[in-house]
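> Below: sequence and its predicted model.
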Amino acid sequence: MALTGLIAGLAPAVQAQPAPALDGPLRIVVGYAPGGATDRVARIVGDKLAVRLGVPVIVENKSGAGGRLAAQQAKATPANQNVLMLANPAVMVVAPLVFKDNGYDVERDFVAVSHVNSYDFALAVAPSMPARNIAQLIEWMRANPKQANFGVPATGSLPHFFALMAGEKAGVTTQVIGYRGSAPLLNDLLGNQVPVAVDTLDTVLAQHEAGKVRILAISGAQRSTFAPTIPTFKEAGLDLAATGWNTFFAPASMPKDKVERLASAIHAVMQDPETTSRFKDAMMVPVVSTQAQTVKMLKAYQAQWAPVVQQSGYQP
């Protein structure tokens, strides 16, 4: 009787435990190698989602083809599996405009779930460059057209098209040189092999602060809290503003109610002070966004960048 009474007394407590929000583990597919910016975002959010959802959250790196392989994999996910893809504009905005056959259609194959962060681009010059501001850089480029090369971390990336925009606004012709990632680009910038680089702020800020390169302007509409002494492009005299982002997408096969639960969970995670702190440590701006706000942001971004990419004439 005592044992029966004990079990009976425990039953309500056991029953009171909330059921997991999902029916199994959640995979977050990332189209880049471990350690990169998108991967870091996936792990920051994934750690908190595991606690909130009550299921394991596994970050799966599927690198290759500039993130498009990950999109192809996520698209093909059966409806009974829990998968999200964390993607950036290169995969969901630029690639559909420049590749004839991506293997996926953003509108048909995916549902935008939650925009979680944004980040600025920076224009930095090599140590040997005489330019100390954007006006002096433009003057130098006009005087040295054959050397007016902009290095970017990858061809077809957002920094690539931002560099073209900067050249157009400045009224100079620029030659964009694509690298295989930020590390070799930064090495060549430090070694004066390329005079100008456009990359994410977090990539070049430490070298700027060490006095090894000079950031002349940042792409945001307002000065970055991570580098408040550096002017925006608008402040520097070029009417330019742009940011990158990371956003979670679900495959179209995922049931609507599950998408809504995941959107709600991510929305809650992004309001957590520890999450905010970790994003700021990574020099990224955390964003709290509903699913409706995410869809609106994506459409506005597509409208902003489609003419830029198309007018560039870029072909992979």
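All right, it came through fine.
> going forward, measure contacts and count neighbours with C-alpha atoms only.
Will do.
> mind listing what Ala50 touches?
Pro56, Val57 (Cα atoms under 8 Å, 6 or more residues apart in numbering).
> Surely it is within a strand?
No - under DSSP: H, G, I helix; E, B strand; the rest coil, Ala50 sits outside any strand and is assigned helix.
> Could you report the separation of it from Val59?
Plainly put, Ala50 is 11 Å away from Val59 if you go by Cα to Cα, to the nearest Å.
> next one: Val152
27 Å.
> Compare neighbour counts for these two and give me the winner.
Taking other Cα atoms under 10 Å, Val152 and Val59 do not tie; Val152 has more neighbours (30 against 21).
> Contact partners for the more buried one?
The neighbourhood of Val152, defined by Cα under 8 Å, 6+ apart, consists of Pro159, His160, Ala163, Val176, Ile177, Gly178, Tyr179, Ser182, Leu185, Ala197, Val198, Asp199.
> Burial check on the third one, number of neighbours?
Using other Cα under 10 Å, Ala163 has 24 other residues around it.
> partners of the strand or helix carrying Val113 in the sheet?
Element membership of Val113, judged by DSSP states H and E, is strand 110-125. Using DSSP bridges, strand 110-125 pairs in its sheet with strand 196-200 (antiparallel), strand 214-218 (antiparallel), strand 243-251 (antiparallel), strand 285-286 (antiparallel).
> ok, residues contacting stretch 177-196?
123-129, 147-155, 160, 197, 199, 203-204, 212-213.
> same thing with stretch 209-216?
Applying Cα under 8 Å, 6+ apart, the contact partners of stretch 209-216 are 122-127, 132-134, 189-190, 204-205, 207-208, 230-231.
> ok so, going back, so of the strands paired with strand 110-125, which one's packed in deepest?
Among the strands paired with strand 110-125, ranked by average contacts under mean count of other Cα atoms under 10 Å, first place goes to strand 196-200 (a mean of 28).
> following it, which helix or strand shows up next?
Sequence order places helix 201-209 as the next helix or strand after strand 196-200, per DSSP H and E.
> before we move on, the earlier item: same list, the contacts of Val152, but as CSV with secondary structure and pLDDT please.
Listed next are those as CSV, based on DSSP: H, G, I helix; E, B strand; the rest coil; pLDDT from 0 to 100:
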residue, secondary structure, pLDDT
Pro159, helix, 91
His160, helix, 91
Ala163, helix, 92
Val176, strand, 93
Ile177, strand, 94
Gly178, strand, 90
Tyr179, coil, 89
Ser182, helix, 87
Leu185, helix, 94
Ala197, strand, 97
Val198, strand, 96
Asp199, strand, 93
